[in-house]
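**Q** test case, fold it:
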Amino acid sequence: MRDNAPNMSKAMQDAQLPSLPCMAHMLQLVVNEGLLSQRSISDIVAYWKKNSWPHSPLACSRLQNVQTQLGQSKKSRQQDVPTRWNSTYYMLLSLTEQEHALGVYAADYKLPATLTSYQWGLIENISTLLAPFEELTKEISFSTATAADVIRSIVALKRLLRKSAETDHGMKMFKTTLLEAVEKRFSDTELEPMYCLATILDPRYKDRYFSKTQSNIKYEKCFRMCYKQRQENRGQRWDTLMTGAKRKAQTRQQRKYYAEQAHCSR
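**A** Just a heads-up that it's a prediction; the model follows:
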């Protein structure tokens, strides 16, 4: 596993070492493309990024008082941090949870209206659509995640983005861009031998996530890879054994030579 930076990819190629890109980072790039594709969505995200309230200690204290009055748990608004994965999703999710409290806060302290009802509905729909990306990022970040999970996850994500849902209202461009970005950035996933081999050899998946024509091709390629790797391993073991045997023979000859020299000196 390596970083997606071009210099890292070039270094692994020059060293002739097999490597795989970071899938979690690629998912975040897909999400960023989607958020910038639709003006109505990018405006909402930009508004809450630039809007500083309620971040001051006094404003946070007032917001918590409002939350207590409404019988809600005290929570602060999440910030969108570019270097933190899924931070935009967490920010929008926290806004939907605190929609009522933020509205009361703005009314009590005579602040300008935050968002329209249409924009609040759009935030809920965006959060619903980004939830699978957040869940998938968590799954592949576990220590138990393997390369076999990648093809299955991407196929499931594509199927989800192709399905029509009630929450698509007002964000078809966003959803279409997400699907196109996934297809573009993960277009070579099924062509990567390590992904294919890991998926087919995993008893949970095998060839379930390949098309019928592709599965036969993948099986043939994987068996060829396994056979080639086995032959290479055999060759390496044979070279190791021969090297060890040569060293032992040289050691015996040296011992015999020193023994003869010692005997002659007597």
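
**Q** what's the helix or strand for the residue nearest to Leu36 when sequence neighbours are not counted?
**A** Closest residue to Leu36 apart from its sequence neighbours, by CB to CB, 6 or more residues apart in numbering: Ser42 at 5.4 Å. Using the backbone N, CA and C atoms, a C-beta is placed for each residue, glycine as well. When elements are assigned from DSSP states H and E, Ser42 belongs to helix 39-50.

**Q** export that helix as CSV, just CAs?
**A** The C-alpha trace of helix 39-50 is given here as CSV (Å, rounded to 0.1, in the frame of the first residue of the first chain):
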residue,chain,number,x,y,z
ARG,A,39,-23.5,25.2,-7.5
SER,A,40,-26.4,24.9,-5.0
ILE,A,41,-24.4,22.3,-3.0
SER,A,42,-21.0,24.0,-3.2
ASP,A,43,-22.6,27.3,-2.0
ILE,A,44,-24.0,25.6,1.1
VAL,A,45,-20.7,24.0,1.9
ALA,A,46,-18.8,27.2,1.3
TYR,A,47,-21.3,29.2,3.5
TRP,A,48,-20.8,27.0,6.5
LYS,A,49,-17.0,26.9,6.0
LYS,A,50,-16.8,30.7,6.0
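
**Q** centre of the chain to the one helix or strand Leu95 maps to, how far?
**A** Element membership for Leu95 (DSSP H and E) is helix 87-97. A distance of 19 Å separates the C-alpha centroid of helix 87-97 from that of its chain, computed with CA atoms, centre = their mean, to the nearest Å.

**Q** tell me, what residue is most central in this structure?
**A** With distances taken as CA atoms, centre = their mean, Ala24 lies nearest the centre of the chain, 1.5 Å away.

**Q** confirm that one sits in a strand?
**A** No: counting by DSSP: H, G, I helix; E, B strand; the rest coil, Ala24 is not part of a strand but helix.

**Q** residues in contact with it?
**A** Residues in contact with Ala24 (CB atoms under 8 Å, 6 or more residues apart in numbering) are 85, 137, 140-141.

**Q** now restrict those residues to buried residues only.
**A** Buried residues within the contacts of Ala24, defined by neighbour count using 16 or more other CB atoms under 10 Å: 85, 137, 140.

**Q** any idea of the angle the helix or strand where the last one lies forms with helix 39-50?
**A** Put plainly, it is Ile140. According to DSSP H and E, Ile140 maps onto helix 117-141. Interaxial angle, helix 117-141 versus helix 39-50 (axes from the mean of the first three to the mean of the last three CA atoms, to 10 degrees): 80 degrees.

**Q** and helix 117-141, what does it pack against?
**A** Secondary-structure packing of helix 117-141 (3 or more CB pairs under 8 Å, 6 or more residues apart in numbering; DSSP states H and E): helix 23-37, helix 39-50, helix 87-97, helix 148-162, helix 172-185.

**Q** which helices and strands does the third one pack with?
**A** Packed against helix 87-97, as judged by 3+ CB pairs under 8 Å, 6+ apart, are the following elements: helix 23-37, helix 39-50, helix 117-141.

**Q** mind redoing it with 6 Å?
**A** Contact here means 3 or more CB pairs under 6 Å, 6 or more residues apart in numbering; DSSP states H and E; on that basis helix 87-97 packs against helix 117-141.

**Q** other residues contacting the helix it packs on?
**A** Helix 117-141 is contacted from outside by 23-24, 27, 31, 44, 85-86, 89, 92-93, 95-96, 99, 153, 160, 167, 170-171, using CB atoms under 6 Å, 6 or more residues apart in numbering.
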